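K.L.:
sequence? don't have it. structure:
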């Protein structure tokens, strides 16, 4: 028998507001990352781990030190404007990064932007939300958000 | 209008109440929540009411059971903190006094530099999301329906819900579960088409999402699932109206809506759902901040407990020679570097 929930209704009410989830895509808190800082770094790819729960990029800088940076989940990266997969970054690739470092200063942080062969990838989740000015800032040689702000650059907070 | 106020109205009139507005809103990102048809003493009473209303429902066979295969991700919803907060403030009188106090307690632990109340999250220790958070986690889903049960998989935590169709609750385990125990029946609704009505009980205490109020071990739910076309966004969606009962946490049950987007783009990109290897790939862990409050920290290569997600985690093969060839998770790294974390 076909019945209708609408027919079940004596009063029609819209109870709750419409909404689209805007939670950051991650399985943990971002308390350890300093999202207020955005810094440029780079080096040679040692590992690109395209794994759940989070991707991770490991690089070696010019001094030979290893840094570990975490990004969003693989499922999120495959449909970004510049898609990524497990083969996008290979050991030995040279990359530039915009990252939000760990609060405590250890060699790691959250991924914001990865630049490889002039292609800009954005694997970030809520751990690092680099603003859209970075393409301009990078061309001007700024190495951090603070440096750009100190030089008088403005951020469109609506971006 | 607040749901609890609405419920009082509905209860006073004991009228059968659902939402006509729900069905007029199919073009919108998120359908409106369906009001309660009447006040029920228990979630089971609510489920039985729907079972009676649909005259026992429909018995599908393999040919006729609705097919929801493919990859899906979360769409719009009215969950999370929406029922509990407005303009950054906790709405009083939605939660019971004890749980409202607990919500304030949780929020007050959060650091100023982060969103309040989210310096730590149970999922950091690789717990599955559980219910009701399962409905909101923003990763990848599969919804597989058979005539006798449905398997709905969330890749986060390998958290699978099993809905036993036209069956009764069974719990021989003497405990609750992250996703609870779910039963259901299919029916045909004139407006929604095929609907799956689900009742869930025996659920672990959990959360609506990170930084939201907790739920209690008394929580139960009634869900109405359906497929629809989101004309505004030109995409296929699944919608579910969740009636959330929790006598310990809520003054009145809640009616919430969650939606899921069919993600052909993910399939076209080659994405396949993989086993969520949280124990072997996750380097976040519970710590305490300078005030002793729970917080989250991140292990780096070389630090105790660190796991190498593509290499050879020390915890994986302690019973094998450490230099055994071919043991990295990815052969890309077999001989690529004279390097070890």
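P.N.:
Nice, I can see it. Source: prediction; values computed, not measured.

K.L.:
between the two ends of stretch B:145-152, how far is it?
P.N.:
8 Å (CA to CA, to the nearest Å).

K.L.:
who's in contact with that stretch?
P.N.:
For stretch B:145-152, contacts defined as CB atoms under 8 Å, 6 or more residues apart in numbering or on different chains pick out B:59-62, B:65-68, B:141-144, B:160-167, B:184, B:196. For the C-beta atoms, the positions are set from N, CA and C on the backbone; glycine is no exception.

K.L.:
need the strands for the stretch 1-150 of chain B, in chain order.
P.N.:
For the stretch 1-150 of chain B, the strands defined by DSSP state E, counting those that start in this stretch cover B:72-77, B:85-86, B:89-90, B:141-145, B:149-154.

K.L.:
domain assignment for the chain?
P.N.:
Picking chain A for this. Domain ranges of chain A: A:1-30, A:39-150, per automatic domain parsing.

K.L.:
I was thinking of chain B, sorry if that wasn't clear
P.N.:
Split by automatic domain parsing, chain B gives B:2-268, B:277-341.

K.L.:
anything in stretch B:89-104 near chain A?
P.N.:
No. Using CB under 8 Å from any CB of the partner chain, stretch B:89-104 never reaches chain A; the gap is at least 11.7 Å.

K.L.:
so for that stretch, mean pLDDT?
P.N.:
What stretch B:89-104 shows for mean pLDDT is 97.

K.L.:
how far is it from where the chain is centred?
P.N.:
21 Å (CA atoms, centre = their mean, to the nearest Å).

K.L.:
got it, and stretch B:311-326?
P.N.:
In terms of CA atoms, centre = their mean, the centre of stretch B:311-326 is found 36 Å from the chain centre.

K.L.:
for that stretch, buried residues please.
P.N.:
Within stretch B:311-326, the residues scored as buried using 16 or more other CB atoms under 10 Å in any protein chain shown are B:311-313.

K.L.:
do stretch A:112-123 as well
P.N.:
A:112-116, A:121-123.

K.L.:
now swap in stretch A:135-150 and tell me
P.N.:
A:137-138, A:142, A:144-145, A:147-148.

K.L.:
where in chain B is pLDDT low?
P.N.:
B:1-29, B:112-117, B:334-341 (pLDDT under 70).

K.L.:
now residue B:102: closest residue in space that isn't a chain neighbour?
P.N.:
Nearest residue to residue B:102, sequence neighbours excluded (CB to CB, 6 or more residues apart in numbering or on different chains): residue B:214, at 6.0 Å.

K.L.:
show me what residue B:144 is bridged to.
P.N.:
residue B:151 (DSSP bridges).

K.L.:
list the contacts of residue B:206.
P.N.:
Residue B:206 touches B:122, B:129-133, B:178, B:214-215, B:219, counting by CB under 8 Å, 6+ apart.

K.L.:
the same query, at a cut-off of 7 Å, please.
P.N.:
Residue B:206 sits next to B:130-131, B:133, B:215 when contact means CB atoms under 7 Å, 6 or more residues apart in numbering or on different chains.

K.L.:
what's the separation between residue B:167 and residue B:130?
P.N.:
Distance, residue B:167 to residue B:130, by CB to CB, to the nearest Å: 22 Å.

K.L.:
of these two, who's got more company?
P.N.:
residue B:130 (24 against 13; other CB atoms under 10 Å in any protein chain shown).

K.L.:
the more buried one contacts residue B:180, correct?
P.N.:
No. Taking contacts as CB atoms under 7 Å, residue B:130 lies outside contact range of residue B:180: 8.1 Å.

K.L.:
can you pull up the bridge partners for residue B:159?
P.N.:
If you apply DSSP bridges, the partners that residue B:159 bridges to are residue B:154.

K.L.:
between the domains of chain B, which one is closest to residue A:85.
P.N.:
Closest approach to residue A:85 among the domains of chain B (CB to CB): domain B:2-268, 11.6 Å.

K.L.:
residues near residue 49, how many?
P.N.:
Since you didn't name a chain, this refers to chain A. By other CB under 10 Å, neighbour count at residue A:49 equals 24.

K.L.:
oops, I was thinking of chain B
P.N.:
17.

K.L.:
contacts only, for it.
P.N.:
Counted by CB under 7 Å, 6+ apart, residue B:49 has contacts B:37, B:40.

K.L.:
output the buried residues of stretch A:135-150 as JSON lines; include the columns distance to residue B:297, secondary structure and pLDDT.
P.N.:
Putting these into JSON lines (distance: CB to CB, whole Å; DSSP: H, G, I helix; E, B strand; the rest coil; pLDDT from 0 to 100) gives the following:
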{"residue": "A:137", "distance to residue B:297": "30", "secondary structure": "helix", "pLDDT": "95"}
{"residue": "A:138", "distance to residue B:297": "30", "secondary structure": "helix", "pLDDT": "94"}
{"residue": "A:142", "distance to residue B:297": "29", "secondary structure": "coil", "pLDDT": "96"}
{"residue": "A:144", "distance to residue B:297": "23", "secondary structure": "strand", "pLDDT": "96"}
{"residue": "A:145", "distance to residue B:297": "23", "secondary structure": "helix", "pLDDT": "95"}
{"residue": "A:147", "distance to residue B:297": "28", "secondary structure": "helix", "pLDDT": "96"}
{"residue": "A:148", "distance to residue B:297": "29", "secondary structure": "helix", "pLDDT": "95"}
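
K.L.:
make JSON lines out of those and add distance to residue A:36.
P.N.:
As requested, the buried residues of stretch A:135-150 are exported to JSON lines (distance: CB to CB, whole Å):
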{"residue": "A:137", "distance to residue A:36": "16"}
{"residue": "A:138", "distance to residue A:36": "19"}
{"residue": "A:142", "distance to residue A:36": "16"}
{"residue": "A:144", "distance to residue A:36": "11"}
{"residue": "A:145", "distance to residue A:36": "8"}
{"residue": "A:147", "distance to residue A:36": "14"}
{"residue": "A:148", "distance to residue A:36": "13"}
